[in-house]
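Enquirer: the following comprises the amino acid sequence and a computationally predicted model.
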Amino acid sequence: MTRVTPLDKLRVPLGGQEIELQQIDFEAGGMSLLRTRIREKSRFTVFEIDAQTAADWGRALLRWAESQQERSS
């Protein structure tokens, strides 16, 4: 049995996509994974990543967001 724990849910204002973040824990143990589910109308994109990849991706997203804020100031 796999345990799925909801973490966050976002809606993209321009495209209307729904983004869900979930923690995945497997009954057999091992590392937890971060599942990202992107729903675009009836189409879903789902991928699962490890903590290091999530940290790297998060830093890249923050760098981009901060650069956009600097441009608009």
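Expert: Nice, thanks for sending it over. Residues are numbered from 1 along each chain as shown.

Enquirer: can you show me the helices along the protein?
Expert: Assigned by DSSP state H, the helices in the chain fall at 51-72.

Enquirer: my read: residue 22 touches residue 9, true?
Expert: No. Using C-beta atoms under 8 Å, residue 22 makes no contact with residue 9, being 9.5 Å away. For glycine as for every other residue, the C-beta is placed from the backbone atoms N, C-alpha and C.

Enquirer: looking at the two, which is more packed in?
Expert: With neighbours defined as other C-beta atoms under 10 Å, residue 22 and residue 9 compare such that residue 22 has more, 18 against 11.

Enquirer: is it true that residue 9 touches residue 18?
Expert: Yes. Judged on C-beta under 8 Å, residue 9 makes contact with residue 18 at a distance of 6.9 Å.

Enquirer: how about residue 7: what's its closest non-neighbour residue?
Expert: Once flanking residues are discounted, residue 7 sits nearest to residue 21: 4.3 Å by C-beta to C-beta, 6 or more residues apart in numbering.

Enquirer: and that neighbour, how many neighbours?
Expert: Considering only other C-beta under 10 Å, residue 21 is surrounded by 15 other residues.

Enquirer: what sits against it?
Expert: Listed by C-beta atoms under 8 Å, 6 or more residues apart in numbering, the contact set of residue 21 reads 6, 7, 8, 9, 34, 35, 36.

Enquirer: list buried residues within the residues you listed.
Expert: Burial by neighbour count, judged by 16 or more other C-beta atoms under 10 Å, picks out 34, 35, 36 from the contacts of residue 21.

Enquirer: can I get these in TSV including distance to residue 72?
Expert: As requested, the buried ones among the contacts of residue 21 are exported to TSV (distance: C-beta to C-beta, whole Å):
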residue	distance to residue 72
34	29
35	32
36	27
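
Enquirer: closest to residue 55 out of those residues?
Expert: Nearest to residue 55 out of those is residue 34 (C-beta to C-beta; 10.0 Å).
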